[in-house]
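**Student:** need a structure here:
(one chain, ligands or ions: 3)
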Amino acid sequence: MHILVFNAGSSSLKFSMFETADDMREVFKGSFDRFQQGRCDFRFRGGASNESGEMQCASIDVAIAEIPAILKRFGLPDPDAIGHRITHGGARFSSAALLDETTIAAIEALNPLAPLHNPANLQAVRLGRRLWQDRPQVAVFDTAFHQSNPPFATTYAVPKSWREAGLRRYGFHGTSHKYVALRAAQEVGRPLDDLQLVSVHLGNGASVCAVNRGESMDSSMGMTPLEGLVMGTRSGDVDPGAFGFLNREFGLSPAEIENALYNDSGLKGLTGSSDMRDIEDLAATGNREAQLAIEIYAYRAKKYVGAYAAAMGGLDAVVFTGGIGENSPSMRRRICDGLDFMGLQLDHDRNQAVDLANAAAPQIQAYGSRVRVFVTETAEQLMIARETAAVLALPQPAFEPIPVAVSARHVHLSKEAVTALFGPGYALTPETPLRQPGHWAAKERVVLQGPKGQLDRVAILGPIRPRTQIEVSRTDSFSLGINVPVRESGKLDKTPVVTIVGPAGSITTDGLIVAARHIHTNPRDAARLGLEDGEFVDVRVGEPERGLVFARTLVRVGATSFTEMHIDTDEANAAGIGAGAEGAIIDDHATVHARAPI
Ligand SMILES: Nc1ncnc2c1ncn2[C@@H]1O[C@H](COP(=O)(O)OP(=O)(O)O)[C@@H](O)[C@H]1O
Ligand SMILES: CC(=O)OP(=O)(O)O
Ligand SMILES: [Mg+2]
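**Tutor:** Ligands and ions are numbered 1, 2, ... in the order given. Predicted coordinates for the structure are as follows:
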């Protein structure tokens, strides 16, 4: 199987193709980076061919669209599956997940919390879905590895209502931190569970992670990839008091401040360039701003290394990765210098001579240094390919069929309405019991009248309700000549009026709706099916004839409800189904561990 992987970062787009049958061999690797003035650098390696240079390309979005043609040019097959780096998975995703409408919507909702990343990640998802519609696509989240962080590391000391609304720390670069930690453990020759590591990922985005005995314990990025280290264009840690100051001094809005902290800060804010290569060159020519930027950058990273050694209560190794971590001996040296007090000493020659060819992970500590220091390329794409294959290898959830009931137009009447339509003291006659316990269809019928026409012999469903509700299909709404909204049962505010005619009189009342499709279920069935009250699921019905998927089907858990999906006659006709039909929930609940507010 061929798995194509997209890894869109804040300054680069990396993409690789892997062959699973050949020990996950990377058969193609490509990257675009250094986007400036409408141009970028590219590097493509596939088979014996190597291409690199500069090309016209304004942004990562534009680069994504180039990928299909590049794959074709290198003679690569269409992928069998596509794996995507998704930077922010919030509280919802603690492991990789199949991408479908529901998961995509959940990821999109997190865009404001990773504005330099999630929109580009989703751009690649959209391209994949357009080009390879029938191929599974899997999301692998930067945040997932950090789900093991303890509450004392993820909780901000802020008001309760903010925390309850979802303000918490997540951490990013998890795929990279996990890979380099595994790689270091392999080199040490001990299980990761035995080791206390600090992983230092210094790319355009940068973060440090405490990997304590196999688990992420803490990392320097927070709710967003803005907290922590100095980055290419991001500030990292700043005093939150800056918001008030900037607002008072410059009249800046929160959005303006946030934008500047994401895009005009970090190395760029300090020197004008976000690229460490430029800054190191400038510093060497005596440029004071560039020199200070390097000092700030290294100092911040050093503080986190020390902090995490203290947090874990020990340190076996430090691992450097990311564009700067891999390629800048002087930055590694600045960060490690002065840490001999905690048993870490660098060998300057080894540090200088690092060669990462053939996935090497050289050790650069001095002889006798208790703490080892590694440099390794990160392999986010490889990890994403592995996770993609793992998700696809999971047994597909056994679909438990759910009975589908087709609701024809009907009314639920209040006591007052029964009196007005049938006369004082009248009691409706239950005739046909319904599957929901205690519910029935009455023998009596009514007429609905609208400006365009009327609907005869409309069923009345009991028992009596506090408020009258009239449920019709969209087609019915045209017969009546009334524009009727789709509403959840009981949500009747600002619904249109209609006239109901009975043998003893008529009433004109609001409460006219097209009922939103829903699944009734009870707590026991809900637990078995992995459903929660109020959530929306996708349900496939009508196979094999005119099968279709009903997206956004509302789940309603009631203590004694019979598990059954309700759709209206228009929906049933569209799916070509009648009595006795069944549906299957296709939303991948296996990966949904928590429903958080964001
Ligand atoms: N030889 C080098 N020396 C110093 N910095 C380098 C070198 N090569 C790349 N970098 C830096 O690496 C950073 C980009 O890191 P990378 O991990 O590729 O980015 P991304 O975070 O977008 O994945 C840039 O700041 C770039 O200047
Ligand atoms: C999370 C993050 O900052 O990623 P990148 O370094 O790829 O921009
Ligand atoms: Mg990156």
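
**Student:** pLDDT at the nearest residue to A293 once chain neighbours are set aside, what is it?
**Tutor:** Computed as Cβ to Cβ, 6 or more residues apart in numbering, the closest residue to A293 that is not its neighbour in sequence is L270, at 3.9 Å. Just so you know, the C-beta spots here come from the backbone N, C-alpha and C atoms, and that holds for glycine as well. pLDDT for L270: 98.

**Student:** neighbours of L270, just the number please.
**Tutor:** Neighbour count for L270, taken as other Cβ atoms under 10 Å: 19.

**Student:** who's in contact with the strand or helix carrying it?
**Tutor:** Element membership for L270 (DSSP states H and E) is helix 266-271. Counting by Cβ atoms under 8 Å, 6 or more residues apart in numbering, the neighbours of helix 266-271 from elsewhere in the structure are 230-236, 260, 273-276, 278-279, 282, 287, 289-290, 292-293, 296-297.

**Student:** and the buried ones among the residues you listed, selectable in ChimeraX?
**Tutor:** Of the contacts of helix 266-271, the buried ones can be selected in ChimeraX as follows, counting by 16 or more other Cβ atoms under 10 Å:
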select :230,231,232,233,234,235,236,260,273,274,275,276,279,282,290,293,297
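
**Student:** how close does the closest residue to P401 other than its chain neighbours sit to D568?
**Tutor:** Nearest residue to P401 in three dimensions, chain neighbours excluded: E582, at 3.9 Å (Cβ to Cβ, 6+ apart). Noted for E582: a distance of 17 Å to D568, by Cβ to Cβ, to the nearest Å.

**Student:** compare those two (neighbour count), which wins?
**Tutor:** Remark: of E582 and D568, D568 carries more neighbours, 22 against 17, as counted by other Cβ under 10 Å.

**Student:** just checking, the more buried one touches S477?
**Tutor:** No: contact between D568 and S477 fails when scored by Cβ atoms under 8 Å: they sit 10.8 Å apart.

**Student:** what do those two both touch?
**Tutor:** Contact with both D568 and S477 is made by residues V514, according to Cβ under 8 Å, 6+ apart.

**Student:** now, which of the contacts of helix 266-271 lie close to ligand 3?
**Tutor:** Contacts with ligand 3 are made by none of these, judged by Cβ under 5 Å from the ion.

**Student:** now intersect the contacts of helix 266-271 with the helices, please.
**Tutor:** Residues of these located in helices (DSSP state H): A260, M276, D278, I279, L282, E289, A290, L292, A293, I296, Y297.

**Student:** need the pLDDT of the fourth one.
**Tutor:** In this case it means I279. What the model reports for I279 is a pLDDT of 98.

**Student:** wait, doesn't it sit right on T285?
**Tutor:** No: at 11.0 Å, I279 does not count as touching T285 under the criterion of Cβ under 8 Å.

**Student:** ok and the residue in the stretch 201-350 of the chain nearest ligand 3?
**Tutor:** Of the residues in the stretch 201-350 of the chain, the one nearest ligand 3 is G203, at a distance of 4.2 Å by Cβ to the ion.

**Student:** which residues of this structure score low on pLDDT?
**Tutor:** Scanning the chain for pLDDT under 70 picks out the ranges 395-399, 543-545, 587-598.

**Student:** after the longest strand along it, which helix or strand is next?
**Tutor:** Longest strand of the chain, by residue count under DSSP state E: strand 25-36. Once the chain leaves strand 25-36, the next helix or strand it forms, by DSSP H and E, is strand 39-46.

**Student:** just the buried positions in that next one, please.
**Tutor:** C40, D41, F42, F44, R45, G46.

**Student:** around ligand 2, pick out the residues from the chain.
**Tutor:** G9, S10, T87, H117, D142, F172, H173, G203, N204, G205, P225 (Cβ under 6 Å from any ligand atom).

**Student:** ok, the fifth one - contacts?
**Tutor:** Translated: D142. Neighbours of D142 in contact, by Cβ under 8 Å, 6+ apart: R85, I86, T87, H88, G89, H117, G171, F172, H173, G174, T175.

**Student:** ligand 3 versus that one, what's the distance?
**Tutor:** As for D142, its distance to ligand 3 is 9 Å (criterion: Cβ to the ion, to the nearest Å).

**Student:** where does whatever residue of the stretch 401-550 of the chain ends up closest to ligand 3 land in three-state SS?
**Tutor:** Proximity of the stretch 401-550 of the chain to ligand 3 (Cβ to the ion) peaks at D538, 32.2 Å away. Secondary structure assignment for D538 (DSSP: H, G, I helix; E, B strand; the rest coil): strand.

**Student:** test my guess that the residue nearest to P401 contacts P403.
**Tutor:** Yes: E582 is within contact range of P403, at 5.9 Å (criterion: Cβ under 8 Å).

**Student:** domain ranges for the chain?
**Tutor:** 2-141, 174-387, 395-598 (automatic domain parsing).

**Student:** in a markdown table, list these along with distance to A153.
**Tutor:** Formatted as a markdown table, those follow (distance: least, Cβ to Cβ, whole Å):
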| stretch | distance to A153 |
| --- | --- |
| domain 2-141 | 15 |
| domain 174-387 | 4 |
| domain 395-598 | 17 |
